[in-house]
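Enquirer: Predicted model, plus sequence, below.
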Amino acid sequence: MPLASYKDLCIDAVDAARMGAFWAEVLGLSLEEAPHGAVLRGSSPQHTVWVNQVPEQKDVKNRVHLDVYALALHDLERLGAEVVDTDVGGGRWTVMRDPEGGEFCAFLRSELPEQRLHGLVVDTAEPGALADWWARVYDAEVVHHESGYSTVRGVPGMPITTFDFVPVPEQKVVKNRVHWDVTVSDPVDLFEAGATLVRPRDDEISWHVLLDPEGNEFCAFVESSASHDA
């Protein structure tokens with residue numbers, strides 16, 4: 001039995017209007033204003049991406065990033081992205097930065113698939129252990145690859161093809177600028193599984209802020225109140 005279900009994605013931005021417009025174009029989603037930023041919507045609630053206004057500038061490499069499909073790098077550059085490295089993955093993808101410096105990876109295709117968000121990637125000290133943890137949370141399959149990274153597959157309702165955990169030497173030092181939300185029937189299930197409570201639901205927020213075993217932030221919405229006004 002899953003402990004939680006996938007809900008949506010969130011991206012922090014200093015200029016949420018600009019970043020909302022950028023990611024709406026990249027991901028092929030519709031753009032709406034939100035109380036504290038912008039919201040991107042697609043064909044299901046799980047396609048939703050919240051772009052949240054924050055005061056903090058990006059100052060370290062993103063520990064969570066998106067893999068996206070695109071027709072050409074210059075299409076992304078036209079929107080405000082910057083090429084960082086084309087010599088990665090045997091040339092299968094290109095590392096880029098969004099208009100606020102957030103890293104993401106572009107996979108070029110001759111035709112764009114309907115779903116342009118290909119992957120959600122998490123840097124981690126222990127990819128196998130953290131992938132196992134999230135696979136347990138979602139009651140999903142996990143694959144540990146010989147090259148050292150791990151993938152959680154078949155997350156129910158998650159409109160993202162791959163959920164990868166890749167090894168890095170550096171430790172997490174600041175709040176992630178990309179995180180995901182989950183829906184739960186009881187957050188206690190996540191606490192008992194090893195999540196840490198950072199901030200409980202209160203008069204200002206309708207969700208619980210938690211950390212996974214490596215300190216990655218995520219938000220848990222109780223099923224009866226699964227709405228977001230970030």
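Expert: Here it is on my side, so go on. Residues are numbered from 1 along each chain as shown.
Enquirer: going forward, measure contacts and count neighbours with C-alpha atoms only.
Expert: OK.
Enquirer: Okay, buried residues for stretch 65-81 please.
Expert: Neighbour-count burial for stretch 65-81 flags 65-70, 73, 76, 81 (criterion: 16 or more other Cα atoms under 10 Å).
Enquirer: how many neighbours does Asp203 have?
Expert: Neighbourhood size, Asp203 [other Cα atoms under 10 Å]: 6.
Enquirer: Can you classify it by secondary structure?
Expert: What DSSP: H, G, I helix; E, B strand; the rest coil gives for Asp203 is coil.
Enquirer: ok, Tyr138 - contacts?
Expert: 2-6, 155-156 (Cα atoms under 8 Å, 6 or more residues apart in numbering).
Enquirer: what does Trp180 give?
Expert: Trp180 touches 6-10, 218-219, counting by Cα under 8 Å, 6+ apart.
Enquirer: what do you get if the cut-off is 7 Å, keeping everything else the same?
Expert: 8-10, 218-219 (Cα atoms under 7 Å, 6 or more residues apart in numbering).
Enquirer: in which helix or strand would I find it?
Expert: strand 178-184 (DSSP states H and E).
Enquirer: What strands flank that strand, and is each parallel or antiparallel?
Expert: If you go by DSSP bridges, strand 178-184 pairs up with strand 5-13 (antiparallel), strand 217-222 (parallel).
Enquirer: I'd like to know which elements the next helix or strand after the first one is packed against.
Expert: By that I understand strand 5-13. Note on strand 5-13: by DSSP H and E, the next helix or strand toward the C-terminus is helix 16-27. With contacts taken as 3 or more Cα pairs under 7 Å, 6 or more residues apart in numbering; DSSP states H and E, helix 16-27 sits against strand 30-34, strand 37-41, strand 49-53.
Enquirer: can you put the strands paired with strand 178-184 in JSON lines and add mean pLDDT and distance to Asp164?
Expert: Formatted as JSON lines, the strands paired with strand 178-184 follow (pLDDT from 0 to 100; distance: least, Cα to Cα, whole Å):
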{"stretch": "strand 5-13", "mean pLDDT": "98", "distance to Asp164": "15"}
{"stretch": "strand 217-222", "mean pLDDT": "98", "distance to Asp164": "16"}
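Enquirer: any idea how far Phe191 is from the residue of the chain positioned farthest from its centre?
Expert: In the chain, the greatest distance from the average C-alpha position (Cα atoms, centre = their mean) is reached by Asp203, at 26.0 Å. As for Asp203, its distance to Phe191 is 21 Å (criterion: Cα to Cα, to the nearest Å).
Enquirer: quick one: contacts of stretch 69-87?
Expert: Applying Cα under 7 Å, 6+ apart, the contact partners of stretch 69-87 are 22, 93-99, 106-112, 116-118.
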